[in-house]
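In: Please find the sequence and the predicted model below.
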Number of protein chains: 2
Amino acid sequence: MLWSALENKIVDPARVAVIGAGHAGRGLAGYLAIHGFDVSLYNRSIANVKRISKRGGIKVHGLFEAFANLSLVTDDIAKAIEDRDILIIIVPAQAHNFIAKSMVPHLKSGQTILLMPGRTGGALEFARVLRSHPYSDEILLGEAQTYSFVSRITGPDSVLISKVKNSTKVSAFPASHNRRFMRSLRRLPITFNMADDVMETSLGNVGAMLHPTPTILSAGLLESKEGGYNHYHDAISESVGRLVERMDAERISVSREFVSQSVSLLEWLRSTYDAEGTTLRECIRSIDAYDDVGSPSSLNHRYVLEDVPTGLVPISYFGRIAEIETPAMDAVINMACQLYDYDFWSSGRNLGSLGLEGLNPTEVREYVRTGFMPEKYPELHEISDVLGLEVDEI
Amino acid sequence: MLWSALENKIVDPARVAVIGAGHAGRGLAGYLAIHGFDVSLYNRSIANVKRISKRGGIKVHGLFEAFANLSLVTDDIAKAIEDRDILIIIVPAQAHNFIAKSMVPHLKSGQTILLMPGRTGGALEFARVLRSHPYSDEILLGEAQTYSFVSRITGPDSVLISKVKNSTKVSAFPASHNRRFMRSLRRLPITFNMADDVMETSLGNVGAMLHPTPTILSAGLLESKEGGYNHYHDAISESVGRLVERMDAERISVSREFVSQSVSLLEWLRSTYDAEGTTLRECIRSIDAYDDVGSPSSLNHRYVLEDVPTGLVPISYFGRIAEIETPAMDAVINMACQLYDYDFWSSGRNLGSLGLEGLNPTEVREYVRTGFMPEKYPELHEISDVLGLEVDEI
């Protein structure tokens, strides 16, 4: 049996591939390597990791002070993931599809893939590509709700890790793999806790609430003055804050149709940052950690280019499945389309790219739980009845 | 005959009522009074014009230095317009309806009403109220495309007039009254030129292009920093400028269905300000007159509260009549609705309040020309055939 073979390996430290060498990927690779893990680091452009490659590792400072030896630094994804147990994909979410397509042909049975984070629908989008793989059922796939660190590139071969988060929510797709997925991830020195399914991690995308709207609603001054303000304290004015709160209420309404528990943005800010206040603006202004967060210096920034197509767009589409209107989110998406003169609706994560076209909320919940499309349910349940197994165990 | 009576009066200087005592109304009242006209000044709140009332006039400075004696300063609209020949309404356009309702019962046959400016659809909205007046056919009604001055309140009883515009486009509603309307307005020391009809003045609303979009797309910083930037040079960044250009292209597409000539925003900036450049941002930056135009200091500002409901909303509705899509304008309107948590679509000038519901473009053109609704055409044309008159002369 495949899974028993995998379980036997759990006692060994995992060999990890970190896919993506931005602020977060470098932080994660450095963190794992200084904890004694065998880590390969992939980046699409080798030029960007030249110094790391030359020195064979990365200087880590901040919470840790050490040189982290990496076993491989490469722009060849096949080599990066060869013989690796856990592949952590830590790239802008709009690159998930590209990474999936280049990675899938080289995957081996028994590997675990973690999108960190998935944003909204990352694992669903990845799964559509993975399905073409002959051993797709023997590969564990899942997504984290957020990145587990706060880290920042400080030089061509150095990275600052300033915070390790207490815990990061993760789920496998399908959720029937959750326990195996968690068991695999427990080989890492990172604290994870299990979400019900990828709808919970996906709909918990608070970045999509906090980033695009304030950015777009300060776009004129942002662009002409090249930033120079505090994203959280300045761009989230009273009116903008109220709009974000209404967007978040829409997100929670959509969530209620798909997941058992939903955490509002204000609750999330209170539990994560001990924020105080009754409005978003008040909460934000009570958070010291936001004091140093500058603004984008141009409109070419992930606050819109990532969070609209892989956050607001899929949440709005989930709303359509549930027949819940999301006028505030839609107004922001439409304004982004106009301001950037780019169709985020068709290029973002829509029902087609998520593989959810034609499903109703019940069918979506079944799909994220089992990985099976509705037409396969009867057959699936028949097998489980015959074998006397929970669907979860098939 | 009514009109011959009116024509006899043309040799006399007109007695004028200026309705509205904001920056523009005070400038206009002062300008007319120092040119020897008998002027009454109305303001909804007498408290705002207390000092002018007490001193019996207003100090004018800038292009002129004089004390302008006003014959009446009042908050009683009946008294303000009593025995006045020309009533110039110079209030925020969203107040046109209120002014119409309070003014109409007191109107007398032969009076001329000029909305300065009408924004988009001002005369059409006013006409719907005027229709209830027994002598509505004996009252001339029309609108200007813009205000004829640049003026600013500088004290409780003083106003700065810094510019008199070369010429201001006006049209009567219906356009069949245009020549009589012009003849009446020629009694004023202001240069007017005749537009084809109120669709031309209405669709020439460039403020609706230049004001709301940059304001909304800098709203976060505007509100949290209470302004402090230059509206034209800072808020119209490259991307915002491109969006405004696309909105303006939509306006021109809509215009082509209703009027014989449409002037693009860039052409208008070139002819009005000798602007140079190929993009809106370049043109704007070449205009010295914009160097001193500050920003709103709060979101409670006419750049949105006036220009969205009486500019973008009616232009978008004209587009619906013509089956021309206006996605850029609609995105801005929808964003305004979200940011202000207010339905500008239903409260703004829509087909109901403009009296255009159910009309096609041909019928709209006929309506603005003749003032008659489509079902009356056959009758109208029959009469004109019998009398051997142009419809224009009826």
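Out: That came through, no problem.
In: how far is stretch A:344-356 from where the chain is centred?
Out: Stretch A:344-356 has its C-alpha centroid displaced from the chain centroid by 16 Å (Cα atoms, centre = their mean, to the nearest Å).
In: Alongside chain B, which residues does chain A contribute?
Out: Residues of chain A found near chain B (Cβ under 8 Å from any Cβ of the partner chain) are A:214, A:216-225, A:229, A:233-240, A:242-243, A:246, A:299, A:327-328, A:330-332, A:334-335, A:337-341. C-betas here are computed from N, CA, C, even on glycine.
In: Kindly recompute the last result at 7 Å.
Out: A:214, A:216-221, A:223-225, A:229, A:234-240, A:242-243, A:299, A:327-328, A:331, A:334-335, A:338-339, A:341 (Cβ under 7 Å from any Cβ of the partner chain).
In: Report the rounded mean pLDDT for the longest helix along chain A.
Out: What stands out as the longest helix in chain A, according to DSSP state H, is helix A:238-256. In this model, helix A:238-256 has an average pLDDT of 98.
In: For it, which helices and strands make contact with it?
Out: helix A:198-203, helix A:207-210, helix A:212-216, helix A:280-285, helix A:313-321, helix A:327-340, helix B:219-225, helix B:327-340 (3 or more Cβ pairs under 7 Å, 6 or more residues apart in numbering or on different chains; DSSP states H and E).
In: End to end on stretch A:140-153, go ahead and measure it.
Out: End-to-end span of stretch A:140-153 (Cα to Cα, to the nearest Å): 30 Å.
In: Outline the domain layout of chain A.
Out: Using automatic domain parsing, the domains assigned to chain A come out as A:2-198, A:207-354, A:361-393.
In: I'd like these as TSV, with distance to B:Lys108 and mean neighbour count appended.
Out: Listed next are those as TSV, based on distance: least, Cβ to Cβ, whole Å; neighbours: other Cβ atoms under 10 Å in any protein chain shown:
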stretch	distance to B:Lys108	mean neighbour count
domain A:2-198	65	20
domain A:207-354	45	20
domain A:361-393	65	15
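In: Can you show me the CA trace of stretch A:116-135 as CSV?
Out: Output in CSV follows, covering the C-alpha atoms of stretch A:116-135 (Å, rounded to 0.1, in the frame of the first residue of the first chain):
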residue,chain,number,x,y,z
MET,A,116,1.8,28.5,1.0
PRO,A,117,-0.5,30.2,0.9
GLY,A,118,-3.2,29.0,-1.6
ARG,A,119,-4.9,32.4,-1.5
THR,A,120,-8.4,31.6,-2.7
GLY,A,121,-8.7,28.4,-4.7
GLY,A,122,-5.0,27.6,-5.1
ALA,A,123,-5.3,23.9,-4.4
LEU,A,124,-8.5,23.6,-6.5
GLU,A,125,-6.7,25.2,-9.5
PHE,A,126,-3.6,23.1,-8.9
ALA,A,127,-5.7,19.9,-8.7
ARG,A,128,-7.1,20.5,-12.1
VAL,A,129,-3.5,20.3,-13.6
LEU,A,130,-2.5,17.5,-11.2
ARG,A,131,-5.4,15.3,-12.4
SER,A,132,-3.5,14.7,-15.6
HIS,A,133,-0.7,12.9,-13.7
PRO,A,134,-0.9,9.1,-13.7
TYR,A,135,-0.3,8.9,-9.9
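In: which residues are contacting stretch A:36-52?
Out: Residues from elsewhere that reach stretch A:36-52 (Cβ atoms under 7 Å, 6 or more residues apart in numbering or on different chains): A:13-21, A:29, A:32-33, A:53, A:58, A:70-75, A:77, A:80, A:84, A:156-157.
In: Point me to the residue of the stretch 1-150 of chain A nearest chain B.
Out: Evaluated by Cβ to the nearest Cβ, the stretch 1-150 of chain A has A:Gln94 as its residue closest to chain B, separated by 19.1 Å.
In: isn't that residue right up against A:Asp307?
Out: No: here A:Gln94 does not reach A:Asp307: they are 9.9 Å apart, not a contact under Cβ atoms under 7 Å.
In: Identify the residues contacting the residue nearest to A:Glu238 when sequence neighbours are not counted.
Out: Closest residue in space to A:Glu238, ignoring its immediate chain neighbours: A:Arg281 at 5.3 Å, by Cβ to Cβ, 6 or more residues apart in numbering or on different chains. Contacts for A:Arg281 (Cβ under 7 Å, 6+ apart) come out as A:236, A:238, A:241.
In: Please tell me how far A:Arg281 sits from A:Tyr232.
Out: To A:Tyr232, A:Arg281 is 10 Å away according to Cβ to Cβ, to the nearest Å.
In: Pop out the phi and psi values for A:Val49.
Out: Main-chain dihedrals, A:Val49, degrees, to the nearest 10: phi -120, psi 30.
In: where does it land on pLDDT?
Out: So A:Val49 comes in at 96 (pLDDT).
In: Tell me the secondary structure of A:Val104, please.
Out: At A:Val104, secondary structure determined by DSSP: H, G, I helix; E, B strand; the rest coil is helix.
In: That one and A:Arg131 touch, don't they?
Out: No: in terms of Cβ under 7 Å, A:Val104 does not count as a neighbour of A:Arg131; the distance is 9.1 Å.
In: Helix, strand or coil: sort out A:Val259 for me.
Out: Here A:Val259 is coil, with the state taken from three-state DSSP.
In: In chain A, where is pLDDT below threshold?
Out: Of all residues in chain A, those with pLDDT under 70 make up the ranges A:1-12, A:375-394.
In: Quick check: the residue of the stretch 1-150 of chain A closest to chain B vs B:Asp197, distance?
Out: 49 Å.
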